[in-house]
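A.B. asks: Next come a sequence and a model predicted from it.
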Amino acid sequence: MPPCNAKLVGKEASPPYNATMNLFRKLENWRVLSAVRKNPIAFSQWKIVRKLHCLQHLTSVEKARLRILTSVLLHQKNLIGVQGLILNNEMKIIIAAQACVPILKLGLNYYSGFIQISVYPTAFWVEHEIIDASGVLHHEKQLLSGQSWSHGPVILSWDDIEKDMLQIDKGHNVVIHEFVHKIDMLNQGANGVPPVHQAIDRKEWGKVFRYAYQKTSERLNMHHKTHINAYSTTSPAEFFAVVSEYFFTSPEYLLKHYKKVYKELKRFYKQDPAHNTASHR
């Protein structure tokens, strides 16, 4: 199984990213304060996330903000263990903290439209139907470590989450991958183009990502080694999710091999993990 194998289903309408965002921000601030008062994460519990690799680039102030966002996410979403998996508070915090890394500077509105996070003990099998170019219907079965459904839950494998904590695979983080898909889905479905803000030039974003996606696909088709997980060539949506994984877990590596992609992600996420990682040394 590839390091990250996720299937996306359906489309989702664009959120109201316009003048009403000021109201949404005020509502978010109220929810933050309310949730933190009702369900704060104790420092004794929060220290478990210090070992997470995707947090190493954060400053003390950013980690404090992440703790607040994590508290709110745990208050807003239902984390459910399936197939006999019992999620304790530590496991929930580990998942929620990583999920909040991409939206640290964007806000929790980017995770609107769903309330459930389902966690399997290990990778899980899913079945689906596809129609090929000839119109023939095929039944496929896939082993997945994560899955995101439009208007539906995020599904994760705890076994893969634990592997990510050990940093076995460079640039791999199933939690970030699936939650980035949720961000992507906000802009007319999963297409590799999230609802960008004013700091982003949409034409430049499209140009940079199309070129990088095509070049990576060409390398794979020519049986050359790809610098990032080959699963990124599955679709533009998977490419966006995979490079986001690298951005937060192996930022210097992504900057070296995909400099322009890194710069676009830096503008979008409003974070610069490669610079911060280097400054922490």
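C.D. replies: Nice, thanks for sending it over.

A.B. asks: How many residues are close by the closest residue to Asn78 other than its chain neighbours?
C.D. replies: Spatial nearest neighbour of Asn78, excluding adjacent residues (C-beta to C-beta, 6 or more residues apart in numbering): Gln116 at 4.9 Å. Backbone N, C-alpha and C define where each C-beta goes, glycine included. Neighbourhood size, Gln116 [other C-beta atoms under 10 Å]: 13.

A.B. asks: So for Gln116, what's the pLDDT?
C.D. replies: pLDDT, Gln116: 94.

A.B. asks: what do you get for the one 5 residues further on?
C.D. replies: With respect to pLDDT, Pro121 has a value of 90.

A.B. asks: before we move on, what about Ile130?
C.D. replies: 61.

A.B. asks: Asn5 now?
C.D. replies: Looking at Asn5, the pLDDT reads 40.

A.B. asks: So the residue nearest to Asn78 versus Phe247, what's the distance?
C.D. replies: 26 Å (C-beta to C-beta, to the nearest Å).

A.B. asks: What of Ile155?
C.D. replies: Relative to Phe247, and taking C-beta to C-beta, Ile155 is found at 23 Å.

A.B. asks: Could you check which of these two has the larger neighbour count?
C.D. replies: Phe247 (31 against 22).

A.B. asks: shouldn't that one be in contact with Tyr262?
C.D. replies: Yes: assessed by C-beta atoms under 8 Å, Phe247 is found in contact with Tyr262 at 6.6 Å.

A.B. asks: Need the overlap of contacts for those two.
C.D. replies: Leu254 (C-beta atoms under 8 Å, 6 or more residues apart in numbering).

A.B. asks: Specify the local secondary structure of the closest residue to Cys100 other than its chain neighbours.
C.D. replies: Distances taken as C-beta to C-beta, 6+ apart place Leu69 nearest to Cys100, at 4.3 Å, with adjacent residues excluded. Secondary structure, DSSP: H, G, I helix; E, B strand; the rest coil: Leu69 is helix.

A.B. asks: so who does Leu69 touch?
C.D. replies: Val32, Cys100, Ile103, Leu104, Leu108.

A.B. asks: Give me the pLDDT value at it.
C.D. replies: 91.

A.B. asks: Can you report how many residues lie near Gln271?
C.D. replies: 22.

A.B. asks: quick one: the helices in the stretch 1-150 of the chain?
C.D. replies: 21-38, 43-46, 60-76, 89-100 (DSSP state H, counting those that start in this stretch).

A.B. asks: top helix in this structure by residue count?
C.D. replies: helix 202-221 (DSSP state H).

A.B. asks: Buried ones in the next helix-or-strand element following it, by neighbour count?
C.D. replies: Using DSSP states H and E, the helix or strand that follows helix 202-221 in sequence is helix 236-249. For helix 236-249, a neighbour-count test (16 or more other C-beta atoms under 10 Å) marks 236-249 as buried.
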